[in-house]
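J.: Got a sequence here, can you model it:
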Amino acid sequence: MQNKTYYAMYIDECIAEAELHEFFKRELRDAGYSGCSFRRAFNQVEITIKVGEPQIVWGENYERIHQIESVIALRLNLPLNAVSIFTDKIMFRGLSADILCDQLSAKLMDQVPIRQAAMSVIKSAMRAKAAGCQVIISGKLRQQRANSQKYKEGIIVTAGQPGKEFVDRAIRHIKMRQGVIGIQIQVFNPNARNQFGRVLVMPDYVEVL
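T.: Residues are numbered from 1 along each chain as shown. Model (predicted):
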(Lines give C-alpha, C1' and ligand atoms only; values in the text may rest on other atoms or scores of the structure.)
Protein backbone atom coordinates (compact mmCIF):
# COMPACT_ATOMS: atom_id res chain seq x y z
CA MET A 1 0.00 0.00 0.00
CA GLN A 2 1.43 3.35 -1.03
CA ASN A 3 2.01 5.83 1.77
CA LYS A 4 0.03 9.05 1.70
CA THR A 5 1.77 12.29 0.84
CA TYR A 6 1.99 15.16 3.28
CA TYR A 7 -0.74 17.07 1.44
CA ALA A 8 -3.11 14.09 1.47
CA MET A 9 -2.56 13.64 5.20
CA TYR A 10 -3.15 17.35 5.77
CA ILE A 11 -6.43 17.23 3.85
CA ASP A 12 -7.54 14.18 5.86
CA GLU A 13 -6.78 16.05 9.09
CA CYS A 14 -8.80 19.08 7.96
CA ILE A 15 -11.76 16.92 6.94
CA ALA A 16 -11.68 15.07 10.27
CA GLU A 17 -11.53 18.34 12.21
CA ALA A 18 -14.47 19.77 10.24
CA GLU A 19 -16.53 16.63 10.89
CA LEU A 20 -15.71 16.77 14.59
CA HIS A 21 -16.74 20.43 14.76
CA GLU A 22 -20.07 19.67 13.11
CA PHE A 23 -20.62 16.64 15.37
CA PHE A 24 -19.89 18.61 18.54
CA LYS A 25 -22.07 21.49 17.39
CA ARG A 26 -25.06 19.16 17.17
CA GLU A 27 -24.28 16.87 20.11
CA LEU A 28 -23.16 19.46 22.68
CA ARG A 29 -25.56 22.30 21.96
CA ASP A 30 -27.04 21.97 25.44
CA ALA A 31 -23.56 22.45 26.95
CA GLY A 32 -22.88 25.71 25.10
CA TYR A 33 -20.35 24.39 22.58
CA SER A 34 -18.11 27.11 21.11
CA GLY A 35 -15.28 25.35 19.28
CA CYS A 36 -12.60 22.68 19.49
CA SER A 37 -8.93 22.06 18.78
CA PHE A 38 -7.70 18.80 17.28
CA ARG A 39 -4.20 17.44 17.79
CA ARG A 40 -2.86 14.07 16.64
CA ALA A 41 0.38 12.54 17.94
CA PHE A 42 1.27 9.14 16.50
CA ASN A 43 -1.75 6.95 17.30
CA GLN A 44 -3.12 9.26 19.99
CA VAL A 45 -5.68 12.02 19.42
CA GLU A 46 -6.23 14.87 21.86
CA ILE A 47 -9.32 17.05 21.49
CA THR A 48 -9.99 20.17 23.56
CA ILE A 49 -13.60 21.35 23.58
CA LYS A 50 -14.63 24.89 24.53
CA VAL A 51 -17.98 24.78 26.31
CA GLY A 52 -19.95 26.87 28.74
CA GLU A 53 -20.99 23.95 30.98
CA PRO A 54 -18.30 21.21 31.17
CA GLN A 55 -20.38 19.15 33.62
CA ILE A 56 -22.95 18.49 30.90
CA VAL A 57 -20.22 17.16 28.62
CA TRP A 58 -18.86 14.88 31.33
CA GLY A 59 -22.21 13.35 32.23
CA GLU A 60 -22.90 11.21 35.26
CA ASN A 61 -19.72 9.37 36.30
CA TYR A 62 -18.09 10.66 33.08
CA GLU A 63 -20.23 8.29 31.00
CA ARG A 64 -21.17 10.78 28.29
CA ILE A 65 -17.62 11.91 27.55
CA HIS A 66 -16.46 8.28 27.32
CA GLN A 67 -19.27 7.53 24.86
CA ILE A 68 -18.19 10.48 22.71
CA GLU A 69 -14.58 9.27 22.80
CA SER A 70 -15.70 5.83 21.61
CA VAL A 71 -17.70 7.28 18.71
CA ILE A 72 -14.76 9.41 17.57
CA ALA A 73 -12.34 6.47 17.85
CA LEU A 74 -14.58 4.36 15.62
CA ARG A 75 -14.83 7.18 13.07
CA LEU A 76 -11.05 7.65 12.95
CA ASN A 77 -10.32 3.89 12.94
CA LEU A 78 -8.36 4.08 16.18
CA PRO A 79 -8.36 1.96 19.35
CA LEU A 80 -10.99 2.96 21.90
CA ASN A 81 -8.37 4.23 24.34
CA ALA A 82 -6.55 6.32 21.72
CA VAL A 83 -8.88 9.35 21.94
CA SER A 84 -8.74 11.78 24.85
CA ILE A 85 -11.18 14.67 25.24
CA PHE A 86 -10.51 17.66 27.47
CA THR A 87 -12.92 20.48 28.27
CA ASP A 88 -12.10 24.18 28.47
CA LYS A 89 -14.76 26.23 30.25
CA ILE A 90 -15.76 29.53 28.70
CA MET A 91 -15.62 32.11 31.48
CA PHE A 92 -17.57 34.82 29.63
CA ARG A 93 -20.43 33.28 27.65
CA GLY A 94 -21.39 36.68 26.23
CA LEU A 95 -18.14 36.80 24.24
CA SER A 96 -18.88 33.54 22.39
CA ALA A 97 -20.76 34.06 19.13
CA ASP A 98 -21.73 30.37 18.99
CA ILE A 99 -23.43 30.48 22.38
CA LEU A 100 -25.22 33.73 21.52
CA CYS A 101 -26.40 32.20 18.23
CA ASP A 102 -27.89 29.21 20.02
CA GLN A 103 -29.60 31.52 22.53
CA LEU A 104 -31.07 33.65 19.75
CA SER A 105 -32.22 30.55 17.85
CA ALA A 106 -34.03 29.29 20.95
CA LYS A 107 -35.74 32.66 21.45
CA LEU A 108 -36.93 32.81 17.85
CA MET A 109 -38.21 29.23 18.04
CA ASP A 110 -40.23 30.29 21.11
CA GLN A 111 -41.88 33.06 19.04
CA VAL A 112 -40.12 35.90 20.87
CA PRO A 113 -40.30 39.16 18.85
CA ILE A 114 -37.27 39.53 16.59
CA ARG A 115 -36.11 42.92 17.86
CA GLN A 116 -36.53 41.92 21.50
CA ALA A 117 -34.59 38.67 20.98
CA ALA A 118 -31.77 40.38 19.08
CA MET A 119 -31.36 43.21 21.59
CA SER A 120 -31.28 40.79 24.53
CA VAL A 121 -28.40 38.92 22.87
CA ILE A 122 -26.55 42.17 22.18
CA LYS A 123 -26.97 43.27 25.80
CA SER A 124 -25.55 39.94 26.97
CA ALA A 125 -22.45 40.55 24.85
CA MET A 126 -22.02 44.13 26.06
CA ARG A 127 -22.38 43.04 29.70
CA ALA A 128 -19.48 40.64 29.08
CA LYS A 129 -17.28 43.68 28.19
CA ALA A 130 -17.46 43.24 24.43
CA ALA A 131 -16.46 46.30 22.41
CA GLY A 132 -19.27 45.67 19.94
CA CYS A 133 -21.87 43.18 18.77
CA GLN A 134 -23.80 42.86 15.53
CA VAL A 135 -26.79 40.62 14.78
CA ILE A 136 -28.13 39.99 11.27
CA ILE A 137 -31.35 38.01 10.79
CA SER A 138 -32.40 37.11 7.24
CA GLY A 139 -35.39 35.33 5.75
CA LYS A 140 -39.17 35.64 5.70
CA LEU A 141 -39.46 37.50 8.98
CA ARG A 142 -42.80 39.33 8.93
CA GLN A 143 -44.01 39.01 5.36
CA GLN A 144 -43.80 36.73 2.34
CA ARG A 145 -40.90 38.62 0.79
CA ALA A 146 -37.54 37.74 2.33
CA ASN A 147 -35.43 40.54 3.79
CA SER A 148 -32.80 41.06 6.46
CA GLN A 149 -32.64 43.06 9.66
CA LYS A 150 -29.44 44.28 11.28
CA TYR A 151 -28.97 45.24 14.94
CA LYS A 152 -25.70 46.65 16.18
CA GLU A 153 -24.14 48.23 19.24
CA GLY A 154 -20.55 49.39 19.69
CA ILE A 155 -17.88 48.90 17.03
CA ILE A 156 -17.06 45.93 14.79
CA VAL A 157 -13.74 45.48 12.97
CA THR A 158 -14.32 43.75 9.64
CA ALA A 159 -11.19 44.26 7.53
CA GLY A 160 -7.70 42.82 7.66
CA GLN A 161 -6.09 40.53 10.19
CA PRO A 162 -7.70 42.26 13.23
CA GLY A 163 -11.09 41.34 11.78
CA LYS A 164 -10.07 37.67 12.00
CA GLU A 165 -8.34 37.79 15.39
CA PHE A 166 -10.63 40.05 17.44
CA VAL A 167 -14.08 39.27 16.01
CA ASP A 168 -15.83 35.99 16.80
CA ARG A 169 -18.40 34.97 14.18
CA ALA A 170 -21.13 32.34 14.13
CA ILE A 171 -23.93 31.40 11.73
CA ARG A 172 -27.05 29.36 12.36
CA HIS A 173 -30.04 28.30 10.25
CA ILE A 174 -33.38 27.55 11.89
CA LYS A 175 -36.49 26.11 10.27
CA MET A 176 -39.58 28.16 10.99
CA ARG A 177 -43.12 27.74 9.75
CA GLN A 178 -42.67 30.48 7.13
CA GLY A 179 -39.31 29.13 5.93
CA VAL A 180 -35.63 28.99 6.84
CA ILE A 181 -34.20 31.94 8.77
CA GLY A 182 -30.48 32.67 8.85
CA ILE A 183 -28.69 34.20 11.83
CA GLN A 184 -25.25 35.76 11.87
CA ILE A 185 -23.63 37.18 15.01
CA GLN A 186 -20.32 39.01 15.32
CA VAL A 187 -18.74 39.84 18.68
CA PHE A 188 -15.74 42.15 19.00
CA ASN A 189 -13.62 40.99 21.96
CA PRO A 190 -11.02 43.69 22.81
CA ASN A 191 -9.14 41.25 25.06
CA ALA A 192 -8.78 38.42 22.55
CA ARG A 193 -5.89 35.99 22.97
CA ASN A 194 -3.93 33.94 20.47
CA GLN A 195 -3.35 30.19 20.60
CA PHE A 196 -0.47 30.68 23.05
CA GLY A 197 -2.59 32.67 25.53
CA ARG A 198 -1.01 36.04 24.79
CA VAL A 199 -3.31 39.08 24.70
CA LEU A 200 -3.56 40.54 21.20
CA VAL A 201 -3.12 44.26 20.55
CA MET A 202 -4.80 46.29 17.84
CA PRO A 203 -2.35 47.63 15.20
CA ASP A 204 -3.45 51.23 15.77
CA TYR A 205 -3.00 51.04 19.55
CA VAL A 206 -0.47 53.56 20.85
CA GLU A 207 0.78 53.67 24.43
CA VAL A 208 2.26 56.98 25.61
CA LEU A 209 4.84 56.61 28.37
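
J.: Report the spatially nearest residue to Ile65, omitting neighbours in sequence.
T.: Of all residues not flanking Ile65 in the chain, Trp58 sits nearest, at 5.2 Å (C-beta to C-beta, 6 or more residues apart in numbering). For the C-beta atoms, the positions are set from N, CA and C on the backbone; glycine is no exception.

J.: Repeat that for Asp30.
T.: Sequence neighbours aside, Ile56 is the residue nearest to Asp30 in space, at 5.9 Å (criterion: C-beta to C-beta, 6+ apart).

J.: Against which helices or strands is the helix or strand that the one you found is a member of packed?
T.: Using DSSP states H and E, Ile56 maps to helix 54-58. Counting contacts by 3 or more C-beta pairs under 8 Å, 6 or more residues apart in numbering; DSSP states H and E, helix 54-58 is packed against helix 63-75, strand 83-89.

J.: Just send the ones you listed back as a markdown table, with mean neighbour count, distance to Arg39 and mean pLDDT too.
T.: Converted to a markdown table, those look like this (neighbours: other C-beta atoms under 10 Å; distance: least, C-beta to C-beta, whole Å; pLDDT from 0 to 100):
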| stretch | mean neighbour count | distance to Arg39 | mean pLDDT |
| --- | --- | --- | --- |
| helix 63-75 | 15 | 13 | 89 |
| strand 83-89 | 16 | 10 | 88 |
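
J.: export these to JSON lines and tack on distance to Ser96?
T.: As requested, the helices and strands packed on helix 54-58 are exported to JSON lines (distance: least, C-beta to C-beta, whole Å):
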{"stretch": "helix 63-75", "distance to Ser96": "20"}
{"stretch": "strand 83-89", "distance to Ser96": "11"}
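
J.: Which one of the ones you listed lies nearest to Gln178?
T.: helix 63-75 (35.3 Å; C-beta to C-beta).

J.: tell me the phi and psi of Gln149?
T.: Per-residue torsions, Gln149: phi -120, psi 140 (degrees, to the nearest 10).

J.: mind listing the strands for this structure?
T.: Along the chain, counting by DSSP state E, strands occupy 35-41, 44-51, 83-89, 132-139, 147-154, 167-176, 179-188.

J.: on contacts alone, who are the packing partners of the last one?
T.: Counting contacts by 3+ C-beta pairs under 8 Å, 6+ apart, the secondary-structure elements packed against strand 179-188 are helix 97-109, strand 132-139, strand 167-176.

J.: Show me what the second one pairs with in its sheet, parallel or antiparallel.
T.: The one in question is strand 132-139. Strand pairing for strand 132-139, determined by DSSP bridges: strand 147-154 (antiparallel), strand 179-188 (antiparallel).

J.: That'll do, ta.
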